[in-house]
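*Asks:* coordinates only, sequence not included:
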């Protein structure tokens, strides 16, 4: 890690040095070109893997730990000429370059790092094996023309890059926390250039206000203070640089006591008709209506006057229904059919988990006319016939009025 951090700190300096060297090399090439005669070799680095880019196609972005290949094509070469490769190592501490000889013809100075291949009689291919930070420099293919330093040459600047990779040991995984506590989410990544870390939530939901809000946040760490149940969900950290991206998903689970709400604390219905009482429960762990273990149910409706859980198995006119949503959200319904006088009153929706409990009340009151319930207007057969009779009578009265 120390070596990696050191290299990252020198990155901009090295790139500047390489670009400046490329400019100077260009001047040298022009000068050498002017000195050439028609009998001199014609030399150029024709192909590279990866492909070269930048001004004059001088830059080769090589991926860390992968091979880089530079192919030098030479025409009009005479028997006394030799094709050579060299590189220039940047010395940041000394602010200067050091020339390093790589090969003469097919002989390499370091067979572990470099190899010379000849795909054709006119091609000398330099392979840089398993690219490392220290391999970043200018690579020159040249042919000496005389003992005075005149030569023909071409060069490419190899720049080491590395797509982002999540550092597993320094990045958060799924986390579980009690509501009201603080939580620190961490995401760290390696890469060249240094990746930018971006946080977001699944579905582009807003981040917690305590973490800055909005749909996106930059930085390796994100602190959520006084965690709320609304902060629960999937968080995504992405590491991005010019050469790729990496991602880590982490689920934040928040344990919290039930929070119960209702659409209205008063609902009405006429006798003989159906009415559905609805409450909404958010809790983690979610409360259960099951009593298989012999304990009291943790989710039920009761009448306020007796404070006992209504047993739908005893009264066929009553029916429970639970609709499960995401992240511990429940819709809890109590459907009462063929409403009688004794059914009117205050009902209590009760929810409990291992952390706490909460209740909300809904008053069911009598109305003179039937009210539309879920699924439409529903009542007993007698009440339905009476309603139809009233509607039919109203129709005839209206018809007689217009006649």
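*Replies:* That came in fine, so what should we check first? Given the structure is predicted, the values throughout are model-derived calculations rather than measurements.
*Asks:* every contact and neighbour count from this point should use C-alpha atoms.
*Replies:* Will do.
*Asks:* tell me the bridge partners for the residue most central in space within the chain.
*Replies:* Nearest to the mean C-alpha position of the chain, counting by C-alpha atoms, centre = their mean, stands residue 236 at 3.6 Å. Residues found in beta-bridge contact with residue 236 (criterion: DSSP bridges) are residue 200, residue 249.
*Asks:* contact partners for it?
*Replies:* By C-alpha atoms under 8 Å, 6 or more residues apart in numbering, the residues touching residue 236 are 199-202, 247-250.
*Asks:* make CSV from these and add distance to residue 221 and neighbour count to it.
*Replies:* Below are those laid out as CSV (distance: C-alpha to C-alpha, whole Å; neighbours: other C-alpha atoms under 10 Å):
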residue, distance to residue 221, neighbour count
199, 9, 23
200, 12, 20
201, 14, 20
202, 18, 12
247, 15, 18
248, 13, 19
249, 14, 16
250, 13, 18
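*Asks:* and the residue nearest to the centre of the chain, how close does it get to residue 222?
*Replies:* Counting by C-alpha to C-alpha, to the nearest Å, the gap between residue 236 and residue 222 amounts to 11 Å.
*Asks:* and if you look at residue 298?
*Replies:* Look at residue 298 and residue 222: by C-alpha to C-alpha, they are 35 Å apart.
*Asks:* thinking again about what came up before, ok, the contacts of residue 236 vs residue 111, which is closest?
*Replies:* residue 247 (37.5 Å; C-alpha to C-alpha).
*Asks:* which residue is the nearest non-sequential neighbour of the closest one?
*Replies:* With C-alpha to C-alpha, 6 or more residues apart in numbering as the criterion, residue 247 has its nearest non-adjacent residue at 4.4 Å, and that residue is residue 238.
*Asks:* let me know the average pLDDT across the helix or strand harbouring the one you found.
*Replies:* Taking DSSP states H and E as the criterion, residue 238 maps to strand 233-241. Per-residue pLDDT values across strand 233-241 average out to 97.
*Asks:* go on, stretch 160-167?
*Replies:* Model confidence over stretch 160-167, given as mean pLDDT, is 97.
*Asks:* which other residues reach that stretch?
*Replies:* Outside stretch 160-167, the residues that touch it by C-alpha under 8 Å, 6+ apart are 61-64, 131-133, 135-136, 187-195, 239-248.
*Asks:* for the strand holding residue 238, buried residues please.
*Replies:* Along strand 233-241, these residues count as buried under the neighbour rule (16 or more other C-alpha atoms under 10 Å): 233-241.
*Asks:* buried set for stretch 116-127?
*Replies:* 116-117, 123-127.
*Asks:* just send those residues back as CSV, with distance to residue 215 and pLDDT too.
*Replies:* Shown next, in CSV, are the buried residues of stretch 116-127 (distance: C-alpha to C-alpha, whole Å; pLDDT from 0 to 100):
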residue, distance to residue 215, pLDDT
116, 52, 97
117, 52, 96
123, 54, 97
124, 53, 97
125, 50, 97
126, 48, 98
127, 46, 98
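*Asks:* spatially, which two of those residues are the most separated?
*Replies:* The largest separation in those, counting by C-alpha to C-alpha, is between 123 and 127 at 12.7 Å.
*Asks:* and residue 259, how many neighbours?
*Replies:* Residues within reach of residue 259, counting by other C-alpha atoms under 10 Å, total 19.
*Asks:* that one and residue 285 touch, don't they?
*Replies:* No - the pair formed by residue 259 and residue 285 falls short of the contact definition of C-alpha atoms under 8 Å, at 11.8 Å.
*Asks:* next, the nearest residue to residue 151 once chain neighbours are set aside: phi, psi?
*Replies:* Nearest non-adjacent residue to residue 151, counting by C-alpha to C-alpha, 6+ apart: residue 144, 4.3 Å away. Comment: the main-chain dihedrals of residue 144 come out as phi -70, psi 140, following degrees, to the nearest 10.
*Asks:* ok, now which ones touch residue 144?
*Replies:* Listed by C-alpha under 8 Å, 6+ apart, the contact set of residue 144 reads 81-83, 150-152.
*Asks:* redo that, cut-off 10 Å
*Replies:* 41, 80-84, 150-153 (C-alpha atoms under 10 Å, 6 or more residues apart in numbering).
*Asks:* distance of it from residue 308?
*Replies:* Residue 144 sits at a distance of 101 Å from residue 308 (criterion: C-alpha to C-alpha).
*Asks:* same check, this time on residue 238
*Replies:* Going from residue 238 to residue 308 by C-alpha to C-alpha gives 52 Å.
*Asks:* equivalent analysis for residue 332, please.
*Replies:* When C-alpha to C-alpha is the yardstick, residue 332 and residue 308 sit 17 Å from each other.
*Asks:* same check, this time on residue 285
*Replies:* Residue 285 sits 23 Å away from residue 308 when distances are taken as C-alpha to C-alpha.
*Asks:* which one of these two is surrounded by more residues?
*Replies:* A side-by-side neighbour count of residue 285 and residue 308, using other C-alpha under 10 Å, places residue 285 first with 18 against 12.
*Asks:* give me the domain ranges for the protein.
*Replies:* Per the record, the chain has its domains at 2-161, 167-256, 263-388, by automatic domain parsing.
*Asks:* could you list the low-pLDDT ranges of the stretch 201-350 of the chain?
*Replies:* Per-residue confidence of the stretch 201-350 of the chain (counting by pLDDT under 70) places the weak regions at 290-296, 307.
*Asks:* where along it do the strands fall?
*Replies:* With DSSP state E, counting those that start in this stretch as the definition, the stretch 201-350 of the chain shows strands at residue ranges 217-218, 221-224, 233-241, 244-262, 266-269, 275-284, 299-303, 318-324, 329-336, 345-352.
*Asks:* out of these, which is closest to residue 169?
*Replies:* When those are compared for distance to residue 169 using C-alpha to C-alpha, the nearest one is strand 244-262, at 12.4 Å.
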